[in-house]
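# Just need the structure, nothing else, for what follows:
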Amino acid sequence: MQKVAPKKQLGQHFLTDPAIALKIATSIPPGNWERVVEVGPGMGILTKPLLESHQEKLFCVEIDAESVQWLHQQAWAKELNVIHGDFLVISENELFGEGEVAVIGNYPYNISTQIAFRVLEAKNPVQFFGGMFQREVARRFCAEHGNKEYGVTSVLLQAFYDCKYLFTVNEGSFNPPPSVKSGVMACMRKEQPPACTYKSLALVVKTAFNQRRKTLSNALKPLTSSKPGFVLPEELKGKRAEQLSVETFIMLAAQWDSLSI
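The predicted structure is shown next:
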């Protein structure tokens, strides 16, 4: 049967190594999952081991009509739940339902950050978020404060998830081979949510990193000047955004929340 042609405009780089697919699939911890949502199954190399473990709980979201048609023609995929559409715009109810959800995939590099924001902003909290990204993106998601990889998505993800970089995948494991290496990560939702709203945390973090070379007293001036009650602790004024821990950003966001009531 003719295979699916990778489409550059969709950022498709099909994984070809079943051993790597199995390692990604088994990064999902055992749990009472209502749904396991795979983003971009393509020709199903990751779908197969996911289907073996999660059966009718697996939902695959695929924007490419050719891939959807190909999957429907496979004997092993006859019972597979395939949602034909864009993960970024499909309704949350259709994607996640109301129970425990895990999201996994070999994600298109060009929309990796948007996928992370979709997961973060879901009203039904996604309990597990993992899979394969461009290596630099996966490292950024898992980066600790104090280095240049640490940024907006590092803080926002790690405020809600325990994030771990798992392993690197070389270019030769894909068709067509990408121009960069890939990285696999796993993020598990923290039992206790941060003591601030996501909206305030995103505002403070994005404002701080918008001018990451400036000290916080300058970078956060749009916030401190708009609300006189929002005051930076003296020890933070001379620091830069990348030097602040996730916990410190949560503290600042909680302060902003207290002034917004």
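# where exactly do the helices run in the stretch 151-261 of the chain?
Counting by DSSP state H, counting those that start in this stretch, the stretch 151-261 of the chain has helices at residues 152-160, 198-210, 216-219, 221-226, 246-259.
# can you give me the angle the second one makes with helix 152-160?
Relative orientation of helix 198-210 and helix 152-160, computed by axes from the mean of the first three to the mean of the last three C-alpha atoms, to 10 degrees: 150 degrees.
# Low-confidence bits of this structure, can you list those?
Within the chain, the stretches with pLDDT under 70 are 1-2, 261.
# go with 90
For the chain, the stretches with pLDDT under 90 are 1-13, 31, 78-79, 110, 124, 212, 228, 260-261.
# What ranges does it have for its strands?
Applying DSSP state E to the chain gives strands spanning 14-15, 35-39, 58-62, 81-84, 101-105, 128-134, 161-169, 174-175, 182-189.
# Tabulate the ones you listed in TSV, adding columns for mean neighbour count.
C-betas here are computed from N, CA, C, even on glycine. Compiled in TSV, these are given as follows (neighbours: other C-beta atoms under 10 Å):
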stretch	mean neighbour count
strand 14-15	20
strand 35-39	24
strand 58-62	23
strand 81-84	16
strand 101-105	25
strand 128-134	25
strand 161-169	17
strand 174-175	17
strand 182-189	22
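# Counting neighbours, what do you get for residue 42?
Under the neighbour criterion other C-beta atoms under 10 Å, residue 42 is assigned a count of 26.
# my guess is it contacts residue 16, does it?
No. The criterion here is C-beta atoms under 8 Å, and residue 42 misses it with residue 16 at 10.4 Å.
# which residues touch the spatially most central residue of the chain?
The residue lying closest to the centre of the chain (C-alpha atoms, centre = their mean) is residue 116, at 3.1 Å. For residue 116, the contacting residues are 129, 141, 153, 156-157, by C-beta atoms under 8 Å, 6 or more residues apart in numbering.
# Over to residue 47?
38, 41, 58, 60, 71, 77, 80.
# can you redo those residues as JSON lines with distance to residue 227?
What follows is the contacts of residue 47, written out as JSON lines (distance: C-beta to C-beta, whole Å):
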{"residue": "38", "distance to residue 227": "43"}
{"residue": "41", "distance to residue 227": "46"}
{"residue": "58", "distance to residue 227": "46"}
{"residue": "60", "distance to residue 227": "45"}
{"residue": "71", "distance to residue 227": "51"}
{"residue": "77", "distance to residue 227": "54"}
{"residue": "80", "distance to residue 227": "51"}
